[in-house]
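J.: sharing a model prediction with you, sequence too.
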Amino acid sequence: MTPENISPAPARRGWLAAFRVYLEPASLRMLSLGFSAGLPLLLVLGTLSFWLREAGIDRTTIGYLSWVGLAYAFKWVWAPLVDRLPIPVLTRVLGRRRSWLLLSQVAIMVGLVAMSFNDPQVALLPVIWGALAVAFGSATQDIALDAFRIESADMDRQAALAASYQTGYRLAMIWAGAGVLWLAARAEVAGSVGYQHGAWHTAYLVMAASMLPGVLTVLLSKEPLRRSLPPAKNALDWLRGALVEPFADFVSRYRWQAVLILALIATYRISDVVMGIMANPFYVDMGYSKDEVAAVTKVFGVIMTLVGAFVGGVLAMRLGVMRVLMLGAVLSAASNLMFAALSTRGHDLNGLIFVISADNLASGIASAAFIAYLSSLTNVNYSATQYALFSSMMLLLPKFLAGYSGLYVDAFGYADFFIVTALLGAPVLLLVWLTSRLNKPLALVK
């Protein structure tokens, strides 16, 4: 081969040029949309459980109400519709991805407003219907946004878009966690003692308004370049292309190994998710104030999660994703044992800070490796449907078990509950080890 036939190697970017990618419009859009994605989650799960417990709702009922979060676990069911089905008028004006994003954001705002106007102490059912609207809107937004992110840039910018998305997501979790508690505490009538619905009404109205930057971002964004899809000849042909082929593609690539991979995905976060439903009722019952919970668990805790995600990303590059998946599984289970010890100490702010630090650091490490693993399994030709499948499988079993968490705590107490949630992580260690022995997935994530 002559020298003139050799293609020059691509120029390597300098550090300054590499960091400038975070100032590009696509990254800034993903920062805003990540905020919109992260805002609803706590408002129908963690923060809602704090509100309900303060309103005097029993822990067993709070546990059952966590099944609202199963909307996230079943989003793969309607992911093919989001991937391919146009919305009358709206899709023609905005495009396929942006139309679904806007529709889902409006559903979230309507649901939050409905929740704010209803007092669970007086009528719990309207609050539940509002939470369901938020959860289904949020799950739909996740489906459309994952596809929007993947289709908005080439491969060398995907990591930057993911980082911007995660930053916006975590900032929203601070606002929906600490912010809503801070707002509710500030909105309380001075001199009054006990539960005040007006404080939560104000806080949730502000949360609904906080979705507006994401709405504006969708309206001002460009629709990603549309993938050319073969026209469907009939309804059966459309269902095959939208629903069957994405799942068949995954099975055909991994064959029998797909069962083991899906088992790992379905159980990897089980310790965290099952424990997390009772975390806010635990804080209320231990006597922690809104301001203490906001500062320690919702601000400091999220910062520690970001630190853990950064550490997990570095470790994954140095050691390989599968090794860090194992480390994350061990740390997540161990941190639940720390909560068991904390439950015996009553109102211990220093103990809470220590436990939250360890728990969120472990969660960040585990999440960084897990997201990388899920991304490696996704075929870009079926981005919305396959990623929705994986993220749904991650939540289905843990969310179902979490529904019984309040019943367990009422029967056996917090200490036993936290110990049991740690033990739930034991089978995960075996699944990580077995999956790491597979040649094909291991080749993808080393």
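T.: Arrived safely, thanks for sending.
J.: neighbours around Ser252, how many?
T.: By other CB atoms under 10 Å, 10 other residues sit near Ser252. To be clear about C-beta, it is placed using only N, CA and C from the backbone, and glycine gets the same treatment.
J.: so where does it fall, helix or strand?
T.: Under the criterion of DSSP states H and E, Ser252 resides in helix 245-254.
J.: just want the angle from the following helix or strand past that helix to helix 245-254.
T.: The element immediately downstream of helix 245-254 (helix or strand, assigned by DSSP H and E) is helix 257-267. Interaxial angle, helix 257-267 versus helix 245-254 (axes from the mean of the first three to the mean of the last three CA atoms, to 10 degrees): 110 degrees.
J.: pull out the buried positions in helix 257-267.
T.: Buried residues in helix 257-267, defined by neighbour count with 16 or more other CB atoms under 10 Å: Gln257, Ala258, Leu260, Ile261, Leu262, Ala263, Leu264, Ile265, Ala266, Thr267.
J.: these two touch, right, the fourth one and Arg437?
T.: No: the pair formed by Ile261 and Arg437 falls short of the contact definition of CB atoms under 8 Å, at 12.0 Å.
J.: show me the chain divided up by domain.
T.: 25-222, 234-446 (automatic domain parsing).
J.: confidence-wise, which of those domains is weakest overall?
T.: Of all those, domain 234-446 carries the lowest average pLDDT, namely a mean of 82.
J.: how about the helices in the stretch 251-400 of the chain?
T.: For the stretch 251-400 of the chain, applying DSSP state H, counting those that start in this stretch gives helices covering 257-267, 270-276, 279-285, 290-293, 301-319, 321-342, 349-377, 383-402.
J.: same question for the stretch 51-200 of the chain.
T.: 59-65, 70-73, 79-84, 90-94, 96-116, 124-151, 158-174, 180-187, 197-209.
J.: list the buried ones in the longest one?
T.: When you say that, I think you mean helix 124-151. So helix 124-151, judged by 16+ other CB under 10 Å, has buried residues 127-128, 130-151.
J.: just put the helices of the stretch 251-400 of the chain in a markdown table and tack on distance to Thr167.
T.: Below are the helices of the stretch 251-400 of the chain laid out as a markdown table (distance: least, CB to CB, whole Å):
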| stretch | distance to Thr167 |
| --- | --- |
| helix 257-267 | 24 |
| helix 270-276 | 21 |
| helix 279-285 | 23 |
| helix 290-293 | 23 |
| helix 301-319 | 8 |
| helix 321-342 | 20 |
| helix 349-377 | 13 |
| helix 383-402 | 19 |
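J.: would you mind finding the most buried of those?
T.: helix 270-276 (a mean of 25; mean count of other CB atoms under 10 Å).
J.: helices or strands up against that one?
T.: helix 321-342, helix 383-402, helix 414-423 (3 or more CB pairs under 8 Å, 6 or more residues apart in numbering; DSSP states H and E).
J.: any chance you could list what contacts it?
T.: Helix 270-276 is contacted by residues 45-46, 332-333, 336, 339, 363, 366, 395, 397-399, 401-402, 405, 417-418, 421-422, 424-425, 428 when judged by CB atoms under 8 Å, 6 or more residues apart in numbering.
J.: again, only using 6 Å
T.: Identification of contacts with helix 270-276 by CB atoms under 6 Å, 6 or more residues apart in numbering yields Ser332, Ala333, Asn336, Pro398, Leu401, Ala402, Ser405, Thr421, Leu424, Gly425.
J.: OK, contacts around the spatially closest residue to the third one that is not a sequence neighbour?
T.: Sequence neighbours aside, Ala422 is the residue nearest to Asn336 in space, at 3.9 Å (criterion: CB to CB, 6 or more residues apart in numbering). If you count contacts by CB under 6 Å, 6+ apart, Ala422 has them with Ala333, Asn336, Leu337.
J.: what is the burial count for the nearest residue to the first one once chain neighbours are set aside?
T.: If I follow you right, that is Ala333. The shortest distance from Ala333 to any non-neighbouring residue, by CB to CB, 6+ apart, is to Gly425 (3.3 Å). By other CB under 10 Å, the residues close to Gly425 number 24.
J.: for Gly425, phi and psi?
T.: Per-residue torsions, Gly425: phi -80, psi -10 (degrees, to the nearest 10).
J.: so it is in contact with Ser335, correct?
T.: No: Gly425 is beyond contact range of Ser335, at 9.9 Å (criterion: CB atoms under 6 Å).
J.: related to what we said a few turns ago, buried stuff in the helix holding Ser252?
T.: Glu245, Pro246, Phe247, Phe250, Tyr254.
J.: what angle separates the helix or strand that Gly34 is a member of from helix 96-116?
T.: Assessed by DSSP H and E, Gly34 sits inside helix 25-44. Calculated by the same axes, to 10 degrees, helix 25-44 forms an angle of 30 degrees with helix 96-116.
J.: how far off centre is helix 25-44?
T.: Computed by CA atoms, centre = their mean, to the nearest Å, the chain-centroid distance of helix 25-44 equals 11 Å.
J.: in it, what's buried?
T.: Neighbour-count burial for helix 25-44, counted by 16+ other CB under 10 Å, picks out 26-27, 29-44.
J.: what's it in contact with?
T.: Against helix 25-44 from outside (CB under 6 Å, 6+ apart): 68, 108, 131, 134-135, 138, 145, 152-153, 160-161, 164-165, 168-169, 171-173, 176-177, 207, 210-211, 213-214, 217, 221.
J.: hmm, back to that, right, and the helices of the stretch 51-200 of the chain - which one's nearest Val321?
T.: Nearest of those to Val321, taken as CB to CB: helix 158-174 at 13.9 Å.
J.: buried stuff in the closest one?
T.: By 16+ other CB under 10 Å, the buried positions in helix 158-174 come out as 160-174.
J.: so what touches that helix?
T.: Looking at what lies outside helix 158-174 - CB under 6 Å, 6+ apart - the contacts are 21, 27, 30-31, 34-35, 37-39, 149, 153, 299, 302, 306.
J.: what two of the residues you listed have the greatest distance between them?
T.: Across the contacts of helix 158-174, the longest distance by CB to CB is 30.8 Å; it joins Ala153 and Val299.
J.: quick check: phi and psi on Thr378?
T.: Dihedral angles (degrees, to the nearest 10) for Thr378: phi -90, psi 130.
J.: offset the numbering so it begins at 848, please.
T.: Okay, using 848 as the starting number, the last item reads as Thr1225.
J.: pretty sure Phe1237 is one of the things it touches, is it not?
T.: No: counting by CB under 6 Å, Phe1237 is not a contact partner of Thr1225; they are 7.1 Å apart.
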